[in-house]
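quick one, structure for this:
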Amino acid sequence: MTLSILFDNIPYDARFKSLWGFSCLIQTPEQTTLFDTGSNGRVLLEHMKLLGIDPLAIDTLVLSHHHWDHTGGIDSIMEVNPKLHLVAPASLSKRWLSDLKSQCRSLSVCDAHYQKLGFGLATTGVMRTGDTPEQALMIETSEGVVLITGCAHAGIVAMAQRAIELSGAEIALMIGGFHLVDQSSAELEVVIAQLSQMPIHRFCPTHCSGAEAIALFEKRFGPRWIRAGVGAVIELEIT
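Numbers count the residues shown, from 1 in each chain. Below you'll find the predicted structure:
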């Protein structure tokens, strides 16, 4: 499995532009899935070109939630590849969902229930804490679940717990925005302590996780922490 971070505000590879938002491409032998689209479609497509990724090879586009920094590139990618299967949260407006449906091959609308997407992919279902409903993507592997979060508005601990409960497995890797950028040092310590008690093998916080949180993850988890940012390509030797 290959995970390529196509859009992120955290720099990694100097060839790539660091803009606020997040997008990750997941490539497996069975399927190529784009998770979120960042905030700028032109930049998203430029980054695909830099990594030699053909937008037409993408089978499925999954949106975590409605915020602009995760959906801003959707028009660009759907214009290039109108044969996508789009997986969107029900929290998007009915008018927007109707428009999107007319621009893609097929549309799946996810509510609060766990939903399988095929080829070992599933969503956590839309979770709500406060006013931002959000779903995360789960990928089943022999080592456990790969959990990809956009912003984790529902809480990164709650999302990890839900993935473990739904899959009945450990988390092989948790990657994406952990939404810890505004947390105090004391609050960060609590989150990290909670996560350290859970069966999670590796951590890759990025996007809205915040510099202090990322530094604490590196300090606390050492080799179980993965550095990433825009342009990072992570190869996972799992089946």
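
I'd say residue 92 and residue 66 touch.
Yes - counting by CB atoms under 8 Å, residue 66 is a contact partner of residue 92 at 5.4 Å. In short, each C-beta sits where N, CA and C put it, glycine included.

now do the SS call for the residue of the chain most remote from its centre.
No residue in the chain sits farther from the centre than residue 186, which is 26.0 Å out by CA atoms, centre = their mean. Secondary structure, DSSP: H, G, I helix; E, B strand; the rest coil: residue 186 is helix.

number the residues from 60 up from this point.
In the new count, where the first residue is 60, that last one comes out as residue 245.

how far away is it from residue 273?
17 Å (CB to CB, to the nearest Å).

one more: residue 197?
23 Å.

more neighbours: the two, which one.
Using other CB atoms under 10 Å as the criterion, residue 197 and residue 273 rank with residue 197 on top: 26 against 22.

what comes into contact with the strand or helix carrying the more buried one?
Counting by DSSP states H and E, the element that carries residue 197 is strand 196-200. Outside strand 196-200, the residues that touch it by CB atoms under 8 Å, 6 or more residues apart in numbering are 60, 85, 87, 92, 94, 121, 123, 179-183, 204-207, 222, 225-226, 228, 231, 295, 297-298.

quick one, helices of this structure?
100-109, 127-130, 133-139, 153-160, 215-226, 244-255, 270-280 (DSSP state H).

remind me which residues of this structure are low pLDDT?
For the chain, the stretches with pLDDT under 70 are 297-298.

give me that answer again for 80
Applying pLDDT under 80 to the chain picks out residues 189-190, 296-298.

dump the residue contacts of residue 270.
Residue 270 touches nothing, counting by CB under 8 Å, 6+ apart.

any idea how far residue 174 is from it?
From residue 270 across to residue 174, the span is 34 Å (CB to CB).

same deal with residue 202?
23 Å.

swap in residue 97?
Counting by CB to CB, the gap from residue 97 to residue 174 is 24 Å.

these two - which one has more neighbours?
Using other CB under 10 Å, the more surrounded residue of residue 97 and residue 174 is residue 97, with 31 against 17.

wait, the more buried one touches residue 65, no?
Yes - Residue 97 is within contact range of residue 65, at 6.9 Å (criterion: CB under 8 Å).

what touches both of these two?
Residues touching both residue 97 and residue 65 by CB under 8 Å, 6+ apart: 82, 103.

count the neighbours of residue 128 for me.
Count around residue 128 with other CB under 10 Å applied: 24.

next: the one 4 residues further on.
Using other CB under 10 Å, residue 132 has 26 other residues around it.

show me what contacts it?
66, 82, 96-100, 102-104.

can you put these in JSON lines and add distance to residue 131?
Putting the contacts of residue 132 into JSON lines (distance: CB to CB, whole Å) gives the following:
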{"residue": "66", "distance to residue 131": "9"}
{"residue": "82", "distance to residue 131": "10"}
{"residue": "96", "distance to residue 131": "6"}
{"residue": "97", "distance to residue 131": "6"}
{"residue": "98", "distance to residue 131": "4"}
{"residue": "99", "distance to residue 131": "6"}
{"residue": "100", "distance to residue 131": "7"}
{"residue": "102", "distance to residue 131": "9"}
{"residue": "103", "distance to residue 131": "8"}
{"residue": "104", "distance to residue 131": "12"}
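
out of the residues you listed, who's nearest residue 289?
Using CB to CB, residue 66 is the member of the contacts of residue 132 that lies nearest residue 289, at 6.2 Å.

spatially nearest residue to that closest one (excluding sequence neighbours)?
residue 97 (2.8 Å; CB to CB, 6 or more residues apart in numbering).

what's the separation between that neighbour and residue 196?
Counting by CB to CB - residue 97 and residue 196 are separated by 16 Å.
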